[in-house]
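Participant: Fold the following for me, if possible:
(one chain, ligands or ions: 2)
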Amino acid sequence: MNSSQDTIYATMHDQVADFTFDDRVAGVFSDMIKRSVPGYGQIVNTIGDFAKRLVTHNSQVYDLGCSLGAATLSIRRHIENRQCRIIAVDNSAAMVERCRENLAAYVSNTPVELLCADIRDITFENASLVVLNFTLQFLPPAERDTLLTRIYQGLLPGGALIISEKLRFEDATIQQLIEAQHLDFKRANGYSELEISQKRSALENVMKTDTLEQHYARFAKAGFQHANLWFQCFNFASMVAIK
Ligand SMILES: C[S@@+](CC[C@H](N)C(=O)[O-])C[C@H]1O[C@@H](n2cnc3c(N)ncnc32)[C@H](O)[C@@H]1O
Ligand SMILES: O=C(O)C(=O)C[C@]1(C(=O)O)C=C[C@@H](O)C=C1
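Facilitator: Ligands and ions are numbered 1, 2, ... in the order given. Below you'll find the predicted structure:
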């Protein structure tokens, strides 16, 4: 997936507006997420490996907050000839438009239904895999439990939810240390202090992170009997929960 370089916060904004997945962000998103999220490439590739193991014949796979289609493409490469359907959902028209082009660039016998919709309005059924790759953190916290419960109800027995998130830590010393490591990662990827601080202000009201403990409690509340981390680098993690 080619993408222009992210320079959105490189110049001083008079007022930093809340972060949105608009046309400007969609145009640089591939570069932005790679340079902002340690392990992103590995997580996307490994979601495909999980799919190979977990997706059953004649079932459905949901990619919620699919953005440009990175996880969908990774999954689709691994589940050929299983008579499955992938439902990829994003409520940003700019993302969906680009995602459609990215999906069309590869041949596959697994159909993808691409929906420009809110993930809270989706009905889940016959699902062997549901993916929330850095999406739940953008949902209002009060609405996260309901979504997970609805996902759980739509999963087949043995079905899995893979969820990647930026984490928050209750322990202030750990929070400070790990956050500092993440900021160094951004600097090493060429982001300036101005870019880092303006992006942080933009995300403040729209991305509310949970602790690992909150995620585990939510999995249990939704009904999942098995859940664990499978990846963590600094404050970015990916978890798997099984019905
Ligand atoms: C950080 S990006 C996800 C990255 C993507 N999953 C990947 O693997 O590259 C979050 C995405 O979730 C979408 N999103 C946020 N809230 C949403 C909602 N309520 N319904 C649908 N999509 C949503 C955004 O438009 C954005 O494209
Ligand atoms: O925490 C940050 O600094 C980020 O930029 C993280 C993050 C994310 O986790 O989704 C936020 C917005 C963009 O989607 C890309 C990365």
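Participant: Identify the residues contacting the closest residue to ligand 2 within the chain.
Facilitator: Of all residues in the chain, the one sitting closest to ligand 2 is residue 36 (3.5 Å; C-beta to the nearest ligand atom). To be clear about C-beta, it is placed using only N, CA and C from the backbone, and glycine gets the same treatment. Contacts for residue 36 were tallied using C-beta atoms under 8 Å, 6 or more residues apart in numbering; they are 186, 189, 191, 199.
Participant: The nearest residue to residue 134 once chain neighbours are set aside and residue 191, how far apart?
Facilitator: Of all residues not flanking residue 134 in the chain, residue 164 sits nearest, at 5.2 Å (C-beta to C-beta, 6 or more residues apart in numbering). Relative to residue 191, residue 164 is positioned 21 Å away (C-beta to C-beta, to the nearest Å).
Participant: Keeping just the C-alphas, turn stretch 201-221 into PDB.
Facilitator: The C-alpha trace of stretch 201-221 is given here as PDB (Å, rounded to 0.1, in the frame of the first residue of the first chain):
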ATOM      1  CA  SER A 201      -3.300  17.400  21.600                       C
ATOM      2  CA  ALA A 202      -5.400  16.200  18.600                       C
ATOM      3  CA  LEU A 203      -5.800  12.700  20.000                       C
ATOM      4  CA  GLU A 204      -6.500  13.800  23.600                       C
ATOM      5  CA  ASN A 205     -10.300  14.000  23.300                       C
ATOM      6  CA  VAL A 206     -10.900  11.300  20.800                       C
ATOM      7  CA  MET A 207      -8.600   8.400  21.800                       C
ATOM      8  CA  LYS A 208      -9.300   7.200  25.400                       C
ATOM      9  CA  THR A 209      -7.000   4.300  26.200                       C
ATOM     10  CA  ASP A 210      -7.700   1.400  28.600                       C
ATOM     11  CA  THR A 211      -5.400  -0.600  30.800                       C
ATOM     12  CA  LEU A 212      -4.700  -4.200  30.100                       C
ATOM     13  CA  GLU A 213      -6.800  -5.000  33.200                       C
ATOM     14  CA  GLN A 214      -9.800  -3.200  31.800                       C
ATOM     15  CA  HIS A 215      -9.500  -5.100  28.600                       C
ATOM     16  CA  TYR A 216      -9.300  -8.500  30.400                       C
ATOM     17  CA  ALA A 217     -12.300  -7.500  32.600                       C
ATOM     18  CA  ARG A 218     -14.300  -6.500  29.500                       C
ATOM     19  CA  PHE A 219     -13.500  -9.800  27.800                       C
ATOM     20  CA  ALA A 220     -14.800 -11.700  30.800                       C
ATOM     21  CA  LYS A 221     -17.900  -9.500  31.100                       C
END
